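>>> just a sequence and a predicted model for now, questions to come.
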Amino acid sequence: MGQDNCKVPPQPGDLIEIRRPGYQHWALYVGNGYVIHVTDEGARSILGSSSSISATKAKVKKELLEEVAGNDKWRVNNKYDRSRTPLPVKEIIQSAEQWIDKQVPYDLLRSNCEHFVTMLRYGEELCDQV
């Protein structure tokens, strides 16, 4: 399992940044070791592969953080808390759970995994990685 750079364990509603080679994957911590995130598993892409760079649809999954992170490092990163007020935790979790197993549009620049989790936490899509 990747290492957590935080000294504090994640709390429900926290944004989790997973450092993949060349990019960051984002998930929302929902408690008991689980995250909800956008994955390209089962998604169709314009190039016929399941690469998240070319995918146009993605699926929302609830999975164990340790399985999603694998050997990659991860950390809690609620970076937008400095400029945005998070929604109440109960509302964040309820909203996130309604998306499980649903297919969502995916676009690297306008609708990616970070956009998805920030929409859940803050009520608006934010992303500064692209």
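Done, it's in.
>>> using CSV, write out every CA atom in stretch 115-124.
Provided in CSV are the C-alpha atoms of stretch 115-124 (Å, rounded to 0.1, in the frame of the first residue of the first chain):
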residue,chain,number,x,y,z
HIS,A,115,-13.8,17.9,-10.7
PHE,A,116,-16.0,15.1,-9.5
VAL,A,117,-14.8,15.0,-5.9
THR,A,118,-14.7,18.8,-5.5
MET,A,119,-18.3,19.0,-6.7
LEU,A,120,-19.2,16.6,-3.9
ARG,A,121,-17.2,18.4,-1.2
TYR,A,122,-17.9,22.0,-2.2
GLY,A,123,-20.9,21.9,-4.5
GLU,A,124,-18.8,23.2,-7.4
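>>> who's in contact with that stretch?
When contacts are taken as C-beta atoms under 8 Å, 6 or more residues apart in numbering, the neighbours of stretch 115-124 outside the stretch itself are 13, 15, 26-28, 36-38, 60, 78, 80, 84-87, 92, 95-96, 99, 104, 125-127. For glycine as for every other residue, the C-beta is placed from the backbone atoms N, C-alpha and C.
>>> show me the residues you listed that map onto strands.
Using DSSP state E, 15, 26-28, 36-38, 60, 104 are the members of the contacts of stretch 115-124 that sit in strands.
>>> put the buried members of these into a ChimeraX selection.
Burial among those is assessed by 16 or more other C-beta atoms under 10 Å; the matching ChimeraX selection reads:
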select :15,26,27,28,36,37,38,60
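>>> residue ranges for the helices of this structure, please.
Along the chain, the segments classed as helices by DSSP state H run 65-69, 89-98, 113-122.
>>> any stretches of the chain with poor pLDDT?
In the prediction, the chain carries residues with pLDDT under 70 at positions 1-7, 41-55, 108-109, 129-130.
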